[in-house]
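Participant: Okay, predicted coordinates and the sequence, questions at the end:
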Amino acid sequence: MVNFFIVIDGIDGSGTTTHSRLLTGFLENEGFKVYLTQEPSNSEIGILLRKFLKNKDIPPITDALLFAADRNIHYNNDIKKKLDEGYIVISDRYIESSIVYQSTQSDDISIEWVKNINKFIGWPDVTIILDIDPKISLARKTNEDLEKFENTSFLSKVRNLYLARAKQESYHVVSSDDIIEFVQQKIQRLIVDPLKSRGFLFKN
């Protein structure tokens, strides 16, 4: 049974949610079974995480462990089941968010440690990093929407690590500082050939 796992990741305000939804619509219009999900997930741990993302008193290691626990539930009880049913799964954020954000958040947290506590999950077939200047991304958000990670200085470090990781892991990087339709077209072009090679047949 053919399936495919796509992740769209990037700094806060880069457009991961918007473009995950648009990509879902594009693929559904092609007649594919598509499952759209996100992190934090809708599990009880994910709901707790959303509260903690507003709380600066939560230690970074606690964040990392909770994200790993939520991801383990998310992958095994949600993503893997859909993949086994032949779906294209699109996740708005996944393990790269933990690797980049938590290792930037504290010198006590290494990339290898984050990978280790996430070692029981499956990895995406394609990861796309949306890149944008933090000053532009934060301008897209209201003060009420801001989480503890969302300041220009911190997000600049996060952005740099995303780009370094993308180069190291051969992830696709797409600038999201453009008209939404143009950005989405670039994303679609990146996933068509890999999907075709997996056996998905497009209308055009």
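Facilitator: Cool, got the structure. Residues are numbered from 1 along each chain as shown.

Participant: Not counting its neighbours along the chain, what's nearest the residue nearest the centre of the chain?
Facilitator: Centrality entry for the chain: nearest residue to the mean C-alpha point is R93, 1.7 Å, by Cα atoms, centre = their mean. Nearest residue to R93, sequence neighbours excluded (Cβ to Cβ, 6 or more residues apart in numbering): E39, at 4.4 Å. All C-beta atoms are positioned from the backbone trio N, CA, C, and that covers glycine.

Participant: Quick check, the one you found in contact with D92.
Facilitator: Yes - the pair formed by E39 and D92 meets the contact definition of Cβ atoms under 8 Å, at 7.1 Å.

Participant: now the helices for the chain?
Facilitator: Under the criterion DSSP state H, the chain contains helices at 16-29, 44-52, 60-74, 80-84, 95-105, 111-117, 134-139, 152-169, 180-198.

Participant: quick one, which of the ones you listed is nearest to F5?
Facilitator: Closest approach to F5 among these is made by helix 80-84 (6.1 Å; Cβ to Cβ).

Participant: Now do the buried residues in that closest one.
Facilitator: For helix 80-84, the neighbour count (16 or more other Cβ atoms under 10 Å) marks 80, 82-83 as buried.

Participant: Now do the worst-scoring helix or strand of the chain on mean pLDDT: everything it contacts.
Facilitator: Every helix and strand of the chain was ranked by mean pLDDT, DSSP states H and E. The lowest is helix 134-139, at a mean of 85. With contact meaning Cβ atoms under 8 Å, 6 or more residues apart in numbering, helix 134-139 is reached by 11-14, 146, 150-152, 155-156, 158-159, 177.

Participant: tell me how far that helix is from the chain's mean position?
Facilitator: Between the centre of helix 134-139 and the centre of its host chain there is 18 Å, according to Cα atoms, centre = their mean, to the nearest Å.

Participant: same question, stretch 21-36
Facilitator: The answer for stretch 21-36 is 17 Å, by Cα atoms, centre = their mean.

Participant: buried set for it?
Facilitator: 21-24, 26-27, 30, 32, 34-36.

Participant: from the residues you listed, which is closest to G199?
Facilitator: For the buried residues of stretch 21-36, the closest approach to G199 (Cβ to Cβ) belongs to F32, at 11.2 Å.

Participant: which residues does the residue nearest to R93 contact?
Facilitator: 46, 67, 70-71, 74, 91-94, 97.
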